[in-house]
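Student: Here is my input, please return the structure:
(one chain, ligands or ions: 1)
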Amino acid sequence: MARSLRKPAARCPICKAAVVPEHRPFCSTRCADVDLSRWLGEDYRIPAVEQDDGLPGRDGEDED
Ligand SMILES: [Zn+2]
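Tutor: The predicted structure is shown next:
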């Protein structure tokens, strides 16, 4: 717990507002929720292809 260095004014990664200690590292619970939604991929869908090769295990197995 080294607290020798002063932390610069933290900014909310969501809205870039000043971070409130109670809601660190965000400025509010709202932004925290937004970030959580991003992680869950519900409110922030990443344009990625979710179609993989399907279920693995039935490709190179030795079958008679
Ligand atoms: Zn915010």
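
Student: My read is that residue 15 contacts residue 23, right?
Tutor: No - using Cβ atoms under 8 Å, residue 15 is not in contact with residue 23, being 11.7 Å away. From N, CA and C alone the C-beta is placed, and that goes for glycine too.

Student: How about the residues of the chain by the ion?
Tutor: Residues of the chain found near the ion (Cβ under 5 Å from the ion) are 12, 14, 15, 17, 27, 31.

Student: Could you rerun that using 6 Å?
Tutor: 12, 14, 15, 17, 26, 27, 28, 31 (Cβ under 6 Å from the ion).

Student: if we can go back for a sec, find residues that contact each of residue 15 and residue 23.
Tutor: residue 31 (Cβ atoms under 8 Å, 6 or more residues apart in numbering).

Student: re the thing from before, buried only: go through the residues of the chain next to the ion for me.
Tutor: Taking 16 or more other Cβ atoms under 10 Å as the criterion, what is buried in these is 12, 14, 26, 27, 28, 31.

Student: re the thing from before, can I get the residues of the chain next to the ion in JSON lines including pLDDT?
Tutor: As requested, these are exported to JSON lines (pLDDT from 0 to 100):
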{"residue": "12", "pLDDT": "96"}
{"residue": "14", "pLDDT": "94"}
{"residue": "15", "pLDDT": "96"}
{"residue": "17", "pLDDT": "96"}
{"residue": "26", "pLDDT": "95"}
{"residue": "27", "pLDDT": "96"}
{"residue": "28", "pLDDT": "96"}
{"residue": "31", "pLDDT": "96"}
